[in-house]
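*Asks:* I would like to see how this sequence folds:
(chains A and B)
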Amino acid sequence: MLRREHKVSNISSEAIFAIPAMKPGRVVLAIVFCLVLILSDIRYETSKHFRSYSHDLLKPLYLLVELPFQVSDSIANFFSSKKELSDRVMSLEDELIKLKAIAQYIENMSSDNAELNSLWDAAKFSKDNYEIAEKYSLSPNIFQPSLVLKISSKSNVQENDPVLVETGLVGRIRGIGYSNAEVMLVQDVRSIVPVISEKSQLQGILKGNGLGRYGELQYVKKTASFKEGEILYTSGLAEIFPKGAIVGRIISINNPVDSEFLEVKVEFSQSPSNKNFFLIYSDA
Amino acid sequence: MRNSQRNKVWIYLSLIAAISLDLYLPPESVVSWMPLFTLLFLIYWNMALPDKVGILEALFFGVVLDLSTGTVLGLHAVMFVLITYICQRFFYQFRVSPIWQQSTILFFLFFIFKLVFAFDFYGLQRDSSLIDSSYILTAFIFAISSAFAWPLVYFILRAYRRKRMKS
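*Replies:* Predicted structure coming up:
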């Protein structure tokens, strides 16, 4: 063997001999395949139909990761004489979340109690319309964050059902698998929510800008009298989200010279990061 | 089972473990800048055993990540395929370079990787990009954390390979 024909690397101490190079044809084929996937997903939302089912397939992985935590929890519970009490507390907490979610509507209605129609709408909010779902995972994707919730296979959850927590609207169901539901968050860049402001009672369209970022009210004319600090509620215009759920709060209003619209930044009232349980509102 | 097939099974198991780490383990407050272990593991196997890992693995694990993280279908896959190709094309040079140099190269690779995900695929913005200063900072921290994670991944996987795999 000639000198320099045999190198020793740090990664692998084995000799590097001539390994056949990857065939460029296969790489090009793979890239073309990926581009077809990307284009079909953007144009026709092809992944929407089987994305939720993929979470079902990945469930064993989730259980594998959860196993050590569950074992440690169960050991802790075994030695705890307060287990029954904690179960009772948990069920009461669930009840409390439901009541808080309903209370937000009442809070909003008290501000415009002159509108009897709103009051009439409120009559249909009953605890039976809500289903509690536990968080499965939240994807590390800033612009299109995907929240996956565990649901039972007998659940009545449907696509576009709103998802809430006690502090406000979280998003809407985007896809349903066998035992999970994927939620499009209000922070998602594809999400738009029709809203109405608390004091000025102006309507607008709230667009997400990504997780951990401020949302933006779109196409707000410069004559609009939104005020900083105002709370935004769902207006119920698109008939996807129920009327009166808290969405966020206006934190800044700018008047850019080069635009015909105001730049209204909105802080969302909740973040799915620090929540484990969510409410799915079903009108059916 | 032949040694070569057994080795592939060990590689796939490590990649499955990496996907589990990426999807379910990190706390959500740090999830946006946590290193992407699947890609780090894939890079390692492309460098260490380029004849065992290739385009198909990159494609498969990329699509799995796309489906589970909510990104545009095929985006992780195309990036994984490109990075796999780069790794296999330059693995002679990469393998023999010191680990700090490898980390530096990976820093730039991961930084570009993160920026690609800010492209406005749905045409929601006027300037076709969702990049702003806070996203660049996130991408920078992500690249830094990935570069720092590389030596760890490198030594763990090397020990794993030496223990589990037979030539």
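*Asks:* helix, strand, or coil at A:S225?
*Replies:* Put simply, A:S225 is coil when judged by DSSP: H, G, I helix; E, B strand; the rest coil.
*Asks:* quick one: residues contacting it.
*Replies:* A:S200, A:L202 (CB atoms under 8 Å, 6 or more residues apart in numbering or on different chains). Every C-beta, even on glycine, is put in place using the N, C-alpha and C of the backbone.
*Asks:* now do it against B:N7, distance only.
*Replies:* From A:S225 across to B:N7, the span is 69 Å (CB to CB, to the nearest Å).
*Asks:* same check on A:N254?
*Replies:* For A:N254 relative to B:N7 (CB to CB), the value is 59 Å.
*Asks:* looking at those two, which one has more neighbours?
*Replies:* B:N7 (18 against 9; other CB atoms under 10 Å in any protein chain shown).
*Asks:* grab the nearest non-local neighbour of the more buried one.
*Replies:* Leaving aside its sequence neighbours, B:N7 sits nearest to B:M165 (CB to CB, 6 or more residues apart in numbering or on different chains; 4.7 Å).
*Asks:* pretty sure the one you found is touching B:W10, no?
*Replies:* Yes: at 5.9 Å, B:M165 and B:W10 qualify as touching, with contact defined as CB atoms under 8 Å.
*Asks:* find residues that contact each of these two.
*Replies:* Counting by CB under 8 Å, 6+ apart, B:M165 and B:W10 have no shared contacts at all.
*Asks:* now A:E216: phi and psi?
*Replies:* Dihedral angles of A:E216 (phi, psi; degrees, to the nearest 10) stand at phi -140, psi 130.
*Asks:* and the residue nearest to it when sequence neighbours are not counted, what is it in contact with?
*Replies:* Spatial nearest neighbour of A:E216, chain neighbours left out: A:K207 (5.3 Å); criterion: CB to CB, 6+ apart. Counting by CB under 8 Å, 6+ apart, A:K207 touches A:V189, A:S191, A:I192, A:G215, A:E216, A:L217, A:Q218, B:L124.
*Asks:* could you find the closest non-adjacent residue to the residue nearest the centre of chain A?
*Replies:* Centroid-nearest residue in chain A: A:L185, 2.9 Å away (criterion: CA atoms, centre = their mean). Leaving aside its sequence neighbours, A:L185 sits nearest to A:G171 (CB to CB, 6+ apart; 4.1 Å).
*Asks:* what's the strand or helix carrying that neighbour packed up against?
*Replies:* According to DSSP states H and E, A:G171 maps onto strand A:168-176. When contacts are defined as 3 or more CB pairs under 8 Å, 6 or more residues apart in numbering or on different chains; DSSP states H and E, strand A:168-176 packs onto helix A:51-57, strand A:146-150, strand A:162-165, strand A:180-185, strand A:246-254.
*Asks:* name the SS class of the closest residue to chain B within the stretch 151-284 of chain A, please.
*Replies:* In the stretch 151-284 of chain A, the residue that lies nearest chain B is A:S273 (4.1 Å; CB to the nearest CB). When classified by three-state DSSP, A:S273 comes out as helix.
*Asks:* now stretch B:154-167: buried residues?
*Replies:* Buried residues in stretch B:154-167, defined by neighbour count with 16 or more other CB atoms under 10 Å in any protein chain shown: B:Y154, B:L157, B:R158, B:Y160, B:R161, B:M165.
*Asks:* need the contact partners of it.
*Replies:* Residues contacting stretch B:154-167 (CB under 8 Å, 6+ apart): A:11-12, A:14, B:3, B:6-7, B:10, B:14, B:41, B:44-45, B:48-49, B:99, B:102.
*Asks:* out of the residues you listed, who's nearest B:A118?
*Replies:* Ranked by distance to B:A118 (CB to CB), those are led by B:F41 at 24.0 Å.
*Asks:* leaving out sequence neighbours, find the closest residue to that closest one.
*Replies:* Distances taken as CB to CB, 6+ apart place B:A18 nearest to B:F41, at 4.2 Å, with adjacent residues excluded.
*Asks:* could you measure that neighbour against B:V116, distance?
*Replies:* For B:A18, the distance to B:V116 - CB to CB - is 20 Å.
*Asks:* which one of those two has more residues nearby?
*Replies:* Neighbour count, other CB under 10 Å: between B:A18 and B:V116, B:A18 has more, with 22 against 13.
*Asks:* if we can go back for a sec, just the buried ones out of the contacts of stretch B:154-167, please.
*Replies:* A:I11, A:S12, B:N7, B:W10, B:S14, B:F41, B:Y44, B:W45, B:A48, B:L49, B:Q102.
*Asks:* tell me which of these fall in strands.
*Replies:* Residues of the buried ones among the contacts of stretch B:154-167 located in strands (DSSP state E): none.
*Asks:* pLDDT score for the residue lying closest to B:I141 once chain neighbours are set aside?
*Replies:* Residue nearest to B:I141 in three dimensions, not counting chain neighbours: B:W33, with 4.2 Å by CB to CB, 6+ apart. Note on B:W33: pLDDT of 81.
*Asks:* could you do B:I105 as well?
*Replies:* On the pLDDT scale, B:I105 gets 94.
*Asks:* now swap in A:G171 and tell me
*Replies:* For A:G171, the model assigns a pLDDT of 93.
*Asks:* which residues does it bridge with?
*Replies:* Note on A:G171: beta-bridge partners A:V163, A:L185, judged by DSSP bridges.
*Asks:* for it, give me its contacts.
*Replies:* Contacts of A:G171 by CB under 8 Å, 6+ apart are A:L147, A:P162, A:V163, A:V183, A:M184, A:L185, A:V186, A:Q187, A:D188, A:S191, A:P272.
*Asks:* for these, give me a markdown table that also has pLDDT.
*Replies:* Below are the contacts of A:G171 laid out as a markdown table (pLDDT from 0 to 100):
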| residue | pLDDT |
| --- | --- |
| A:L147 | 89 |
| A:P162 | 91 |
| A:V163 | 92 |
| A:V183 | 92 |
| A:M184 | 92 |
| A:L185 | 92 |
| A:V186 | 92 |
| A:Q187 | 91 |
| A:D188 | 90 |
| A:S191 | 90 |
| A:P272 | 84 |
